[in-house]
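Participant: next comes the sequence, and after it the predicted model I'd like to discuss.
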Amino acid sequence: MDKPLLPRESGQFIAEHSRDVFIEDAGVQKVAEMLYDLRRSDALTASGWKNANPLAPAPTSEQALNWVFVVDTMNFSFWPEKETERCEVTYKGTTYTGYMTLCASVTRAMEEGTPITDPSYFSQMSVEELGHVLRSDNETAMPMLQERHQALTEGGHVLLEHGGSFQSFISQAGNDARKMVELIVEKIPSYRDEATYEGKRIAFYKRAQILVADFWGMMEARGEGGVSNVDWLTMFADYRVPQALVYLGVLRYSDSLLQALKNGERMSSGDRREVEIRGCSIWSVELIKERLRELVRQKDGQACDVNSAIIDFYLWPFAKQHHKEMAHIPIHLTRCIYY
């Protein structure tokens, strides 16, 4: 079987053929200028993600890298069936929703003495044990418990076969971001985020890329950088960042797509419109990155090392912070293990 197009090439191919999602040049320019103004701030650094996620263990702690693996392996599908029925987890006096419920649950479990970051434990844990770790404060459980359990135990077995930790597993890729993504996708089935579009096999690899980006962020925060080829990574195509890109005028949806989303229509993973939302998100961030680099070259006379992962690390918290202003832009509803 032919290999799929890689995420960047997939994004470009989809953007060139898209029927319902369009990239607006004025929006690309606007966001590039917005990021240009932030170019010297912590918001656009690899270690900046740590500030956005206070629930992650200290980068220097022994469990930090395995914590990243556990969380990213279960990092999918947090949107509620009804706005009034949200899974909530309170940790140290703060109540979290969405993705942060997962981070809070895993950190809470560590504090309670559950060896949740040890592959020899989480590769063998029962669905009931994981349900206890991920327990909600209210009647609304975190969605897709069975799928999270399967992904986590499967990932745990792979780590045990390759040295027993995420670091020993990922070290086989020699600190090259592209090789890391390829290794993860090859060895761990739940990370194979692929689809078919206009007769071509395409790939997004959202969780594999975010796992590598988080590993890079941890290593940078430790002062042990050294991950090369990070510029190969694209943004991480989910349901929250596209909403921010529409809000910022970078993406535009056709009337029919917008109506379908407003009607709450569910889209299966691989639906043409879902693929277009994700693919155009990837390609639009590539265009923003190139425009930003151009601005830095023209105005500052120097090179700019901001990459797509860092732009995503900025846009995702931006979407969370501005969720009330963006409430009129519906997210697409796709229940799957890829994001």
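Facilitator: Everything's here; your move.
Participant: ok, residue 148 touching residue 134?
Facilitator: Yes. Using C-beta atoms under 8 Å, residue 148 is in contact with residue 134, at 7.1 Å. (Each C-beta comes from the backbone N, C-alpha and C, glycine too.)
Participant: need the residues touching each of the two.
Facilitator: Counting by C-beta atoms under 8 Å, 6 or more residues apart in numbering, the contacts common to residue 148 and residue 134 are residue 142.
Participant: what ranges does the stretch 101-250 of the chain have for its strands?
Facilitator: Assigned by DSSP state E, counting those that start in this stretch, the stretch 101-250 of the chain shows strands spanning 194-197, 200-203.
Participant: just send these back as CSV, with distance to residue 233 and mean neighbour count too.
Facilitator: Below are those laid out as CSV (distance: least, C-beta to C-beta, whole Å; neighbours: other C-beta atoms under 10 Å):
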stretch, distance to residue 233, mean neighbour count
strand 194-197, 17, 18
strand 200-203, 13, 18
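Participant: okay, those in a markdown table with mean pLDDT and distance to residue 74 next?
Facilitator: Output for those, formatted as a markdown table (pLDDT from 0 to 100; distance: least, C-beta to C-beta, whole Å):
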| stretch | mean pLDDT | distance to residue 74 |
| --- | --- | --- |
| strand 194-197 | 98 | 20 |
| strand 200-203 | 98 | 21 |
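Participant: quick one: closest of these to residue 280.
Facilitator: Comparison of those against residue 280 by C-beta to C-beta identifies strand 194-197 as nearest, at 11.4 Å.
Participant: that closest one pairs with which strands?
Facilitator: strand 200-203 (antiparallel) (DSSP bridges).
Participant: so which elements touch the longest helix belonging to the chain?
Facilitator: As assigned by DSSP state H, the longest helix anywhere in the chain is helix 272-300. If contacts are counted by 3 or more C-beta pairs under 8 Å, 6 or more residues apart in numbering; DSSP states H and E, helix 272-300 sits against helix 7-17, strand 21-23, helix 25-37, strand 194-197, helix 240-247, strand 251-253, helix 308-321.
Participant: go through these and pick out the most buried.
Facilitator: The highest mean neighbour count among these, using mean count of other C-beta atoms under 10 Å, belongs to helix 240-247: a mean of 24.
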